[in-house]
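Participant: Mind looking at a prediction? Sequence and model below.
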Amino acid sequence: MLHQIGCMNLEPDQFCRFFSVEKADVVERIRAGLLLISVNSVILERRYRGIFYRMVSVMSARGKLSDRSRATSVSIVGSLRGFLLRLFIVFTLCGLAHAYPDTADPTLDERCTAPDDDEPVLGYQDFRWGYSAREMDERFGEIYHSGKRLMDRARWNESEARYELTMKSGGKKVAVPITRRFIDSVRSHIETALNLGYVRHVFFPDMGHAHLLIDQTFYDEVIRHVPVGQSHDVYVRVLDHPETRYLYHTAEQLKMLDEQHRVLADKYLGWRYYTRNLVGRNDDEGRIEIHRNLDSLGNTVCKVNSQHRYWSSGFHVSASKDGCFSFRHRDEVRRFDISLRDLPAFYDGSDAVAVIAGASVVHSSDRSADPWGIHTCQ
């Protein structure tokens with residue numbers, strides 16, 4: 001078991017690296033873990049020491065233990081508590097290390113720093129509409145190893161000991177702190193979607209963006225009162241709210257319809273068309289709901305229920321070999337980035353009018369290739 005979770009050869013300096021970038025989030029867990037170690041070791045030590053002492057007493061009373069054996073037995077009991085304490089420390093530290101896989105990577109500081117000015121950026125020109133499944137597989141491999149990453153991707157702020165996104169708010173770029181709840185939720189959605197075959201790749205042509213479904217009560221009581229100039233505060237609050245849901249429109253650029261807008265006679269493409277709307281909860285359990293809207297040309301869902309309000313501007317995810325965060329699929333660890341910024345229209349990062357609004361995002365010059373036409377969420 002220890003070999004499986006990578007803790008057999010754990011050195012003190014290695015363990016410290018697990019938490020070098022998770023100070024704020026881990027301190028309380030370590031404190032709780034140490035308390036648990038102390039309490040459990042005392043309980044077990046007392047329980048088994050009592051049993052052992054009673055056994056020694058009974059055997060002594062029956063004359064079955066010599067003075068030397070009795071002394072040896074007492075010595076064994078004396079070392080029992082130390083053994084149990086070390087055992088609980090090992091399992092607690094291994095559990096914590098396993099629970100925070102990102103922090104076990106010694107290159108995390110490099111992956112999650114703010115991007116340099118010359119960092120390659122993903123843009124709409126990197127993709128096209130109407131990929132076949134095989135073409136999408138090939139393109140994903142190219143993008144994953146290209147070094148291109150999302151603009152304004154999430155990064156680690158060492159001075160504030162937190163992960164954060166950035167966005168324009170009130171006429172300037174501001175930080176949007178994000179919590180472990182949000183990061184782990186997105187990771188779990190990715191892993192579940194991949195494992196169940198709802199998606200094949202984490203990038204814009206497939207699973208690349210999500211819209212927000214905000215709890216209606218929370219929206220009415222809090223979000224609707226946030227001033228326009230403080231729009232970043234909406235994301236700070238919504239991305240950490242337990243009732244928030246995330247709506248992923250998948251198979252975004254996969255060709256699934258013919259010229260008459262009928263689903264192509266292909267088993268895999270039919271599966272992707274009818275399962276393209278994924279809704280995930282804001283927790284790390286990875287539960288995903290499948291929704292449909294067959295009145296829409298692209299089976300595009302916007303409204304899920306009366307308890308949640310659709311918020312079009314959400315976030316992007318894209319896998320990259322240099323990505324900040326990690327996910328696991330088929331015993332392979334891959335990395336990905338998160339950003340609130342829409343894909344820029346051009347490689348230099350300049351923006352045209354390119355905003356996610358429903359099933360698809362199409363550059364104005366490429367509208368004719370859009371398989372969903374003008375069917376979008378309002």
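Facilitator: Received it, and whenever you're ready, just let me know what you need.

Participant: show me where pLDDT drops low in the stretch 251-378 of the chain?
Facilitator: Along the stretch 251-378 of the chain, the model assigns pLDDT under 70 to residues 346-378.

Participant: Give me the contact list for the host helix or strand of Ser185.
Facilitator: Ser185 is part of helix 180-195 when elements are defined by DSSP states H and E. Outside helix 180-195, the residues that touch it by C-beta atoms under 8 Å, 6 or more residues apart in numbering are 25, 154, 163, 198-200, 202, 207, 210, 239-240, 242, 246, 248, 250, 278, 280-288, 315, 317, 325-329, 336, 338. Backbone N, C-alpha and C define where each C-beta goes, glycine included.

Participant: Weed out the non-buried ones from the residues you listed.
Facilitator: Buried by 16 or more other C-beta atoms under 10 Å: 25, 154, 163, 198-200, 202, 207, 210, 239-240, 246, 248, 250, 278, 280-282, 284, 286, 288, 315, 317, 325-327, 336, 338, out of the contacts of helix 180-195.

Participant: taking the residues you listed one by one, which sit in strands?
Facilitator: Mapping the buried ones among the contacts of helix 180-195 onto strands (DSSP state E) picks out 163, 210, 246, 248, 278, 280-281, 288, 315, 317, 325-327, 336, 338.

Participant: Tell me the buried residues in stretch 137-148?
Facilitator: Of all the residues in stretch 137-148, those buried under the rule 16+ other C-beta under 10 Å are Arg139, Phe140, Ile143, Tyr144, Lys148.

Participant: How about stretch 188-207?
Facilitator: Neighbour count says stretch 188-207 has 188-190, 192-194, 198-207 buried, by 16+ other C-beta under 10 Å.

Participant: Convert the C-alpha atoms of that stretch to CSV, please.
Facilitator: What follows is stretch 188-207 as a C-alpha-only set of coordinates in CSV (Å, rounded to 0.1, in the frame of the first residue of the first chain):
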residue,chain,number,x,y,z
SER,A,188,-13.0,15.8,-10.8
HIS,A,189,-15.3,16.8,-13.7
ILE,A,190,-12.5,16.3,-16.2
GLU,A,191,-11.6,12.9,-14.7
THR,A,192,-15.2,11.7,-14.6
ALA,A,193,-16.0,12.9,-18.1
LEU,A,194,-12.9,11.2,-19.5
ASN,A,195,-13.4,7.9,-17.6
LEU,A,196,-17.1,7.6,-18.7
GLY,A,197,-16.4,8.5,-22.3
TYR,A,198,-18.4,11.7,-22.3
VAL,A,199,-15.3,13.5,-23.7
ARG,A,200,-12.1,12.5,-25.2
HIS,A,201,-9.9,15.6,-24.9
VAL,A,202,-9.5,18.6,-22.6
PHE,A,203,-9.2,21.6,-25.0
PHE,A,204,-11.5,24.0,-26.8
PRO,A,205,-12.7,21.6,-29.7
ASP,A,206,-14.0,19.1,-27.1
MET,A,207,-14.2,19.9,-23.4
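
Participant: thinking again about what came up before, quick one: which of the buried residues of stretch 137-148 sit in helices?
Facilitator: Members of those lying in helices (criterion: DSSP state H): Arg139, Phe140, Ile143, Tyr144.

Participant: so the third one touches Phe203, yeah?
Facilitator: Yes: when contacts are counted by C-beta atoms under 8 Å, Ile143 is listed as touching Phe203 (5.6 Å).

Participant: so what sits against both of these two?
Facilitator: Ser318, Ala319.

Participant: now the strands for the stretch 251-378 of the chain?
Facilitator: 277-281, 288-291, 308-319, 325-329, 332-339 (DSSP state E, counting those that start in this stretch).

Participant: between those strands, which gets nearest to Glu119?
Facilitator: With C-beta to C-beta, the closest approach to Glu119 among those belongs to strand 332-339: 10.9 Å.

Participant: quick revisit: and of the buried residues of stretch 188-207, the nearest to Asp116?
Facilitator: For the buried residues of stretch 188-207, the closest approach to Asp116 (C-beta to C-beta) belongs to Phe203, at 21.6 Å.

Participant: what about the residue lying closest to that closest one once chain neighbours are set aside, how many residues close to it?
Facilitator: Once flanking residues are discounted, Phe203 sits nearest to Ser318: 4.8 Å by C-beta to C-beta, 6 or more residues apart in numbering. Counted with other C-beta atoms under 10 Å, residues neighbouring Ser318 total 26.

Participant: Go ahead and confirm Ser318 touches Phe204.
Facilitator: Yes: the pair Ser318 and Phe204 qualifies as a contact (C-beta under 8 Å) at a distance of 6.6 Å.

Participant: Now list whatever residues contact both of these two.
Facilitator: Residues touching both Ser318 and Phe204 by C-beta under 8 Å, 6+ apart: Leu122.

Participant: Any buried residues in stretch 290-307, and which?
Facilitator: Under the neighbour-count criterion of 16+ other C-beta under 10 Å, stretch 290-307 has His291, Asn293, Ser296, Gly298, Asn299, Thr300, Val301, Cys302, Val304 buried.

Participant: Looking at those, spot the one nearest Trp129.
Facilitator: In terms of C-beta to C-beta, no member of the buried residues of stretch 290-307 lies closer to Trp129 than Gly298, at 11.6 Å.

Participant: how close does that closest one sit to Thr250?
Facilitator: Separation of Gly298 from Thr250 (C-beta to C-beta, to the nearest Å) stands at 11 Å.

Participant: what do these two both touch?
Facilitator: Contact criterion C-beta under 8 Å, 6+ apart; residues shared by Gly298 and Thr250: Arg276.
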